[in-house]
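Visitor: Sequence and computational prediction follow.
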Amino acid sequence: MDSNRRIASPSKVIVAFPEIEVAPPAKTDENTLLWSDFSFDKSRQLLKNLKGSLSDEIISERRND
């Protein structure tokens, strides 16, 4: 297949980040972050009403502090 070929029209792309099971570290305390603390689905739910760019919102928030 020719890797230099271009698609003539816009195409929708779906990128999937599957949840993975990772063994927790042997030593933990209340400050230890675990993989289970992060979830793409939770992030999507928290950001579903965001109008605009997340990076723009973070910059704006930091400038206002």
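Guide: Arrived safely, thanks for sending.

Visitor: Kindly check the end-to-end length of stretch 12-30 for me.
Guide: End-to-end distance of stretch 12-30 (C-alpha to C-alpha, to the nearest Å): 42 Å.

Visitor: Name the residues that touch it?
Guide: 32, 34-36, 39-41 (C-beta atoms under 8 Å, 6 or more residues apart in numbering). For the C-beta atoms, the positions are set from N, CA and C on the backbone; glycine is no exception.

Visitor: Make CSV out of these and add neighbour count and secondary structure.
Guide: Formatted as CSV, the contacts of stretch 12-30 follow (neighbours: other C-beta atoms under 10 Å; DSSP: H, G, I helix; E, B strand; the rest coil):
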residue, neighbour count, secondary structure
32, 10, coil
34, 11, coil
35, 12, helix
36, 10, helix
39, 13, coil
40, 12, helix
41, 9, helix
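
Visitor: a markdown table please, covering those and showing pLDDT and distance to residue 26.
Guide: Compiled in a markdown table, those are given as follows (pLDDT from 0 to 100; distance: C-beta to C-beta, whole Å):
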| residue | pLDDT | distance to residue 26 |
| --- | --- | --- |
| 32 | 81 | 11 |
| 34 | 75 | 12 |
| 35 | 71 | 15 |
| 36 | 74 | 16 |
| 39 | 82 | 23 |
| 40 | 80 | 26 |
| 41 | 81 | 28 |
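
Visitor: Residue 4: which of the residues you listed is nearest?
Guide: residue 40 (32.7 Å; C-beta to C-beta).

Visitor: before we move on, back to that, which two among the contacts of stretch 12-30 are spaced furthest apart?
Guide: 32 and 41 (22.0 Å).

Visitor: dump the residue contacts of the residue sitting nearest the centre point of the chain.
Guide: By C-alpha atoms, centre = their mean, the chain has its centre lying nearest to residue 40, at 5.5 Å. Counting by C-beta under 8 Å, 6+ apart, residue 40 makes contact with 17, 19.

Visitor: Which helix or which strand is home to residue 12?
Guide: Assigned by DSSP states H and E, residue 12 falls within no helix or strand.

Visitor: List phi and psi for it.
Guide: Backbone geometry at residue 12, expressed as degrees, to the nearest 10, gives phi -80, psi 140.
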